[in-house]
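Chemist: Below: sequence and its predicted model.
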Amino acid sequence: MEITTLSGLLRIGSVKELTRGIGLRVLRSMIIAGEDRLSYSTIIRLVECTREHHWQKDILSLSKDTQQLDSICKSLSADFKQPIFVGSEILITYSITGVRRKSYNLRFQVHTESTKRPHSLIEMICVFYDPIMRKISTPPQSVISRLTEIQENDAARRDDGAFPNNIII
């Protein structure tokens with residue numbers, strides 16, 4: 001299965017959209033032939049689908065001011081701690097860990113629903129981009145305000161111990 005978009009992932013079923021991520025069952029069709037676990041490239045594709053969910057939910061839903069706004073990945077780092085096997089129920093959650101005038105940081109955690117132990121941690125810096133002008137841009141203040149609000153809420157939820165391993169569901 002070639003997972004490239006959130007809409008494509010949602011079409012396969014058994015996927016649920018969460019407040020701060022997505023949940024799904026790892027299907028055999030997601031696994032490379034001859035293996036029993038997700039490949040690192042499939043995990044990255046699933047994280048990109050989660051980033052797309054974040055963009056639609058947290059940014060595009062703000063107003064028409066965001067229609068000429070996109071983001072591009074400036075940097076990406078990933079730590080794959082343990083394998084994720086076929087049949088696993090996983091959550092891919094995100095939190096916003098930094099907001100600046102033209103960029104922001106996203107942290108993704110891939111973990112099983114039962115243990116909440118992270119199997120993978122992915123850090124991404126997203127830069128705002130104007131696809132018409134083809135250049136880095138400054139988003140509307142409403143976007144910065146919304147991202148800052150989410151960042152503060154995510155930090156407060158981690159600080160109060162509501163979620164183990166800094167997981168925001």
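Modeler: Great, that's in hand.
Chemist: all strands of the chain, in order?
Modeler: Remark: strands assigned in the chain by DSSP state E are 15-18, 21-25, 70-80, 89-99, 103-112, 118-130, 135-136.
Chemist: Now mean pLDDT, mean neighbour count and distance to Glu48 too, for the ones you listed, in JSON lines please.
Modeler: C-beta coordinates here come from the backbone N, C-alpha and C atoms, glycine included. JSON lines is the format used below for the strands of the chain (pLDDT from 0 to 100; neighbours: other CB atoms under 10 Å; distance: least, CB to CB, whole Å):
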{"stretch": "strand 15-18", "mean pLDDT": "91", "mean neighbour count": "14", "distance to Glu48": "14"}
{"stretch": "strand 21-25", "mean pLDDT": "94", "mean neighbour count": "21", "distance to Glu48": "11"}
{"stretch": "strand 70-80", "mean pLDDT": "96", "mean neighbour count": "14", "distance to Glu48": "9"}
{"stretch": "strand 89-99", "mean pLDDT": "96", "mean neighbour count": "20", "distance to Glu48": "10"}
{"stretch": "strand 103-112", "mean pLDDT": "96", "mean neighbour count": "22", "distance to Glu48": "9"}
{"stretch": "strand 118-130", "mean pLDDT": "96", "mean neighbour count": "19", "distance to Glu48": "9"}
{"stretch": "strand 135-136", "mean pLDDT": "96", "mean neighbour count": "11", "distance to Glu48": "20"}
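Chemist: Switch the ones you listed over to a markdown table; also include distance to His53.
Modeler: Listed next are the strands of the chain as a markdown table, based on distance: least, CB to CB, whole Å:
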| stretch | distance to His53 |
| --- | --- |
| strand 15-18 | 6 |
| strand 21-25 | 6 |
| strand 70-80 | 13 |
| strand 89-99 | 8 |
| strand 103-112 | 11 |
| strand 118-130 | 14 |
| strand 135-136 | 23 |
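Chemist: Which among those strands is found nearest to Thr148?
Modeler: Of all the strands of the chain, strand 89-99 sits nearest to Thr148, with 5.0 Å by CB to CB.
Chemist: Report the inter-axis angle for the closest one versus strand 118-130.
Modeler: Orientation check (axes from the mean of the first three to the mean of the last three CA atoms, to 10 degrees): strand 89-99 against strand 118-130 gives 50 degrees.
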